[in-house]
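S.K.: structural data only, the sequence is not supplied:
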């Protein structure tokens, strides 16, 4: 039996919603943010530090989420960061093992 593609698994996890990403979608770097929680929504303001005026930021995006979607975002972000941390730890362990095997003499020479 063939395994489901990553896209099909993601579609299933997201409740059957297909996501279409336009090929000309831009990546935008933001290095500051603020979060505001209201009665029925959460507002994320994404910004960049203003290089000409230290201590100031310029807001580039304002995103409004419902409370349930904000919790969903929190869970997805936490999961993604946890997985990235595990991968980094595994990579560092593999590097340490490779360095340990490559030395041979333990640094003492014979």
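M.R.: In hand now; what should we look at? Keep in mind that this is a model prediction, so the values were computed, not measured. Numbers count the residues shown, from 1 in each chain.
S.K.: phi and psi next, for residue 42.
M.R.: Note on residue 42: backbone dihedrals following degrees, to the nearest 10 are phi -130, psi 130.
S.K.: near it, how many other residues are there?
M.R.: When neighbours are counted by other CB atoms under 10 Å, residue 42 registers 19. Backbone N, C-alpha and C define where each C-beta goes, glycine included.
S.K.: so the nearest residue to it once chain neighbours are set aside versus residue 55, what's the distance?
M.R.: Leaving aside its chain neighbours, residue 42 sits nearest to residue 70 (3.9 Å; criterion: CB to CB, 6 or more residues apart in numbering). To residue 55, residue 70 is 28 Å away according to CB to CB, to the nearest Å.
S.K.: again, but for residue 95
M.R.: 39 Å.
S.K.: in the longest helix along the chain, which residues are buried?
M.R.: Determined from DSSP state H, the single longest helix within the chain is helix 67-103. For helix 67-103, burial by neighbour count (16 or more other CB atoms under 10 Å) applies to residue 70.
S.K.: same thing with stretch 30-43?
M.R.: Neighbour counts over stretch 30-43 (16+ other CB under 10 Å) mark residue 42 as buried.
S.K.: separation between the residue nearest to residue 42 and residue 32?
M.R.: 19 Å.
S.K.: ok, now which ones touch the nearest residue to residue 73 once chain neighbours are set aside?
M.R.: Distances taken as CB to CB, 6+ apart place residue 65 nearest to residue 73, at 6.4 Å, with adjacent residues excluded. Contacts for residue 65 (CB atoms under 8 Å, 6 or more residues apart in numbering) come out as 41, 42, 43, 44, 73.
S.K.: I'd like the distance from the longest helix of the chain to the chain centre, please.
M.R.: 10 Å (CA atoms, centre = their mean, to the nearest Å).
S.K.: just checking, residue 46 is part of a strand?
M.R.: Yes. Under DSSP: H, G, I helix; E, B strand; the rest coil, residue 46 falls within a strand.
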